[in-house]
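got a predicted model here, sequence first, then my questions.
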Amino acid sequence: MPYRGAPLALADLLGGQVQVMFDNLPSSIDHVRNGRLRALGVSTPKPLELLADVPPIASFVPGYETSAFAGLGAPANTPREIVDKLNKGVANALANPTLKAKILDLGGVPMPMTPAEFGKLLAEETEKWGKVIRAANIKPA
């Protein structure tokens, strides 16, 4: 059932109104750690170090894989020197041991990359999910 965000769905899961949900780890990992929730599977192709005893869904649904990522974007006409400066700042931040440890603790994986690499990732994800949308005949509401 659709929800207006993870907090409402998570509240209903914890309250017993729903029995299962897909969630990003940052909003649910503390509930898993303290035993209020049980993780049944991870959507990444390989197990996560953070939840080493939780199997990937792909181990029982072959080919299943989905994960979230975050990145920065800028208008296409942004000067290259600005893009490079932003990229360098993000890469430096992701290399910071304290920030890196926090990201890992929340179930994330730091993914520093160049603007070209991020553009390639966006293109690949757009193609992958476009195929899913077309196969499921999903139309805008």
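Now that the structure is in, tell me what you want to look at. Numbering: from 1, shown residues only.

now do the domain split for the chain, please.
According to automatic domain parsing, the chain comprises the domains 6-59, 80-135.

can you classify the residue most central in space within the chain by secondary structure?
Centroid check for the chain by C-alpha atoms, centre = their mean gives A68 as the closest residue, at 2.0 Å. The assignment at A68 comes out as coil when based on DSSP: H, G, I helix; E, B strand; the rest coil.

gap between the closest residue to V18 other than its chain neighbours and I29?
Spatial nearest neighbour of V18, chain neighbours left out: D12 (4.8 Å); criterion: C-beta to C-beta, 6 or more residues apart in numbering. Every C-beta, even on glycine, is put in place using the N, C-alpha and C of the backbone. Here D12 is placed at a distance of 18 Å from I29 (C-beta to C-beta, to the nearest Å).

and the two? Which one has more around it.
I29 (19 against 15; other C-beta atoms under 10 Å).

ok so the more buried one is a strand residue?
No - looking at I29 with three-state DSSP, it is helix, so not inside a strand.

much appreciated, bye for now.
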